[in-house]
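A.B. asks: kindly generate the corresponding structure for this input.
(chains A and B)
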Number of protein chains: 2
Amino acid sequence: MRPYEHGGNVYDYEGELIDFSSNINPLGMPKCVFDIVKKADLTRYPDIKYRNLKESIAQYTGISRESIIVGNGASELIHLFVRTFKVKRPIIPSPSFLEYERATCVNGGEPICFRLEEEEGFKLNLGDLISRLQYGDSLIVGNPNNPTGQVISADEATDLLKAADALNMPVMIDEAFIEFVKECKNYESLSLVEKYDNLFVVRATTKFFGMPGLRLGYGIGNPNLIERLDSNKEPWTVNAFADLVGREIFKDSSYIEESRMYINNEIDYMLSALNKIDNLVAFDTKVNFLLLKSKYAKASLIKERLVERGILIRDASNFKYLDDRFFRVAVKRREENERLIEALKGIMP
Amino acid sequence: MRPYEHGGNVYDYEGELIDFSSNINPLGMPKCVFDIVKKADLTRYPDIKYRNLKESIAQYTGISRESIIVGNGASELIHLFVRTFKVKRPIIPSPSFLEYERATCVNGGEPICFRLEEEEGFKLNLGDLISRLQYGDSLIVGNPNNPTGQVISADEATDLLKAADALNMPVMIDEAFIEFVKECKNYESLSLVEKYDNLFVVRATTKFFGMPGLRLGYGIGNPNLIERLDSNKEPWTVNAFADLVGREIFKDSSYIEESRMYINNEIDYMLSALNKIDNLVAFDTKVNFLLLKSKYAKASLIKERLVERGILIRDASNFKYLDDRFFRVAVKRREENERLIEALKGIMP
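C.D. replies: All right, here's what the predicted structure looks like:
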């Protein structure tokens, strides 16, 4: 299983590019980070139990420490879930984050992709999905889903969990982007872990806290589920920097609020501006990225033209069920978003 | 499989302790590290291919970039090797680092431990080991071996590899401590990967470069073997700090030389002083830790008494084939080593 082509791969290009290919908070990291980083003690192992870090996540999420596991970004936890529950035939509403499929294949399985329909704006058809659950051994849902930007509500998640529970099926909900969503409390599944011991919720500081270089993720589940994951986990995968940073950033509620507001403002602006461009469709989104479809030109060509203009986008044609005219762009700062919009106007045939 | 009790767990204790339980370079990190750390860009993903980092390791080891994989400390690479080669019945000369056994068990296997004999000072009996290889599906050797401090030469490794190759058996040699060894070039197996495509050599910056908090390891193997490991690997497990630090520290040859000299001086001093203490045996070692055996008192009791004196040691009784009178201490700075020796003199019955 080759590593997939992900977004954020600016290293393949020479010169400076505005990176619309990776979906990172454009406001940058919380300001406290650089001070914290200086205090990291590299000459000691991190606490193998990450007690202080988990306490900080417990405060932030309102979930008890025994229900928390930490990892090297969301990706470690995704692979860990797949391995621990011997996931071989997960149902994955798709298109979706490629690492779900890759983790399954690395584990010797093959996903059952549940098609999200373009005509329905890639919204999840809940009844349909529930009726198909029986064909899989597990369920993996991105919420919000990447690259479609669509969400399910906590009520919808509850219906899914009930159905999966009846089939004795583990469920992973990936909430890596959830904090970007307006009124995200209505969409998050964290509190459901108390009632549903088949649920594992994955989160990260990568996207919302703007630190893909830090590698800090966490997962929430029933204490029994967390213990099972812990017993399969590699030790010390969160390094001293990530440990320390994670103890502080979740307290920064003004950064959190400001980021969410900024993004939602920009989403409205970009949706409206992009949909005015000829031969281009921008799909509705709840988060800091937009899925776009060109009516005629290939995404690879659009990408090439934009690179010439100093802009890197994510060709989305390697996502399941998307053809070669789909691409994805991040929501960035206003002046950058304007540059993207102008550039697209200039090149769209 | 519960996480094992490792050394370095100072977090279980209150107050300041001199940590002899984890085997870290007492000279601290190379001085360049703090400057480098400030330059880390957390707002970008690390290069998923870690091109610059691998180039730096290539320069240091003299091995080409295609033969290198990087990971979150040695431990990620140990688990990755076990998973990728579906290791179920590895032969492990023991006592040895517990994570080899744990990785095997997490993977649904069970190791075949090859007993290192106390009467032989825990030296590996090569002929004996080779005659038993046929009973396993793979071979995992710590070189230097933890907690015994013993080594095998590159010639001995060659004999092992020949025998394993004939059985079509993958071999992992863990060289996490190799740089501490006097004339370490005679003991390292790196150059053997060209001839033996069943060999994977694991290394880390954790021990010798004094940075267990950084989480940076690397592995060396034939390009085909590395490609196979890469295809099973989780992405971005080395964070931006570790990536950047790893590009610089290997160039610091005076730190490397000085550290090796300091340690070997202290080994001689400690061996001689510890063996003069009544009812205590210090086993010969080539590296920055010593295995000790108390004639009468339990290691747990010695540990307790030393904690009262501000010193933390590693109770070694959970290592295979070691009874409850074994413990391990790191080689630290002279004044700390003196404190340990004085404290042991005071409490040994």
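A.B. asks: where do the domain boundaries of chain A fall?
C.D. replies: The record's domain parsing of chain A by automatic domain parsing lists A:10-28+A:253-347, A:33-251.
A.B. asks: chain B is nearest to which of those?
C.D. replies: Within these, the stretch nearest chain B is domain A:33-251; the backing value is 3.1 Å (C-beta to the nearest C-beta). In short, each C-beta sits where N, CA and C put it, glycine included.
A.B. asks: ends of the closest one, what's the gap?
C.D. replies: Domain A:33-251 has an end-to-end distance of 12 Å (C-alpha to C-alpha, to the nearest Å).
A.B. asks: circling back: can you say which of the domains of chain A is nearest to residue B:281?
C.D. replies: domain A:33-251 (28.0 Å; C-beta to C-beta).
A.B. asks: the lowest-mean-pLDDT helix or strand in chain A: which residues count as buried?
C.D. replies: Least confident helix or strand of chain A, by mean pLDDT, DSSP states H and E, is helix A:33-38 with a mean of 86. By 16 or more other C-beta atoms under 10 Å in any protein chain shown, the buried positions in helix A:33-38 come out as A:33, A:36, A:37.
A.B. asks: which other residues reach stretch A:115-135?
C.D. replies: A:89, A:91, A:93-95, A:112, A:114, A:139, A:141, A:145, A:148-150, A:152, A:156, A:159-160, A:163-164, A:167, A:169, A:283-284, A:291, A:321 (C-beta atoms under 8 Å, 6 or more residues apart in numbering or on different chains).
A.B. asks: kindly report the same for stretch A:160-172.
C.D. replies: So stretch A:160-172 is contacted by A:78, A:81, A:85, A:87, A:126, A:129-130, A:133-134, A:136-141, A:152, A:189, A:192, A:195-196, A:198-202, A:225 (C-beta under 8 Å, 6+ apart).
A.B. asks: and the gap between the spatially most central residue of chain A and residue A:272?
C.D. replies: Nearest to the geometric centre of chain A sits residue A:176, at 3.7 Å (C-alpha atoms, centre = their mean). Using C-beta to C-beta, to the nearest Å, residue A:176 is found at 26 Å from residue A:272.
A.B. asks: quick one: end-to-end distance for stretch A:107-115.
C.D. replies: Taking C-alpha to C-alpha, stretch A:107-115 runs 22 Å from one end to the other.
A.B. asks: err, stretch A:120-128, not the other one
C.D. replies: Where stretch A:120-128 begins and where it ends lie 13 Å apart, using C-alpha to C-alpha.
A.B. asks: swap in stretch A:215-232?
C.D. replies: Note: stretch A:215-232 ends 19 Å apart using C-alpha to C-alpha.
A.B. asks: chain center to it: distance?
C.D. replies: In this view, stretch A:215-232 has its centroid 18 Å away from the chain centroid, taken as C-alpha atoms, centre = their mean, to the nearest Å.
A.B. asks: most neighbours per residue, which of the domains of chain A?
C.D. replies: Mean neighbour counts were compared across the domains of chain A using mean count of other C-beta atoms under 10 Å in any protein chain shown; the top stretch is domain A:33-251, at a mean of 21.
A.B. asks: circling back: tell me the pLDDT of the residue nearest to the centre of chain A.
C.D. replies: In this model, residue A:176 is scored at 97, pLDDT.
A.B. asks: which SS class is it?
C.D. replies: Recorded secondary structure, residue A:176: coil (DSSP: H, G, I helix; E, B strand; the rest coil).
A.B. asks: now residue A:262: which helix or strand?
C.D. replies: Per DSSP states H and E, residue A:262 falls inside helix A:253-275.
A.B. asks: who does that helix touch, helix- and strand-wise?
C.D. replies: Judged by 3 or more C-beta pairs under 8 Å, 6 or more residues apart in numbering or on different chains; DSSP states H and E, the packing partners of helix A:253-275 are strand A:280-282, strand A:289-294, helix A:334-347.
A.B. asks: contacting residues for the closest residue to residue A:236 other than its chain neighbours?
C.D. replies: Closest residue in space to residue A:236, ignoring its immediate chain neighbours: residue A:46 at 5.5 Å, by C-beta to C-beta, 6 or more residues apart in numbering or on different chains. For residue A:46, the contacting residues are A:236, A:238, A:239, A:240, A:243, B:212, B:213, by C-beta under 8 Å, 6+ apart.
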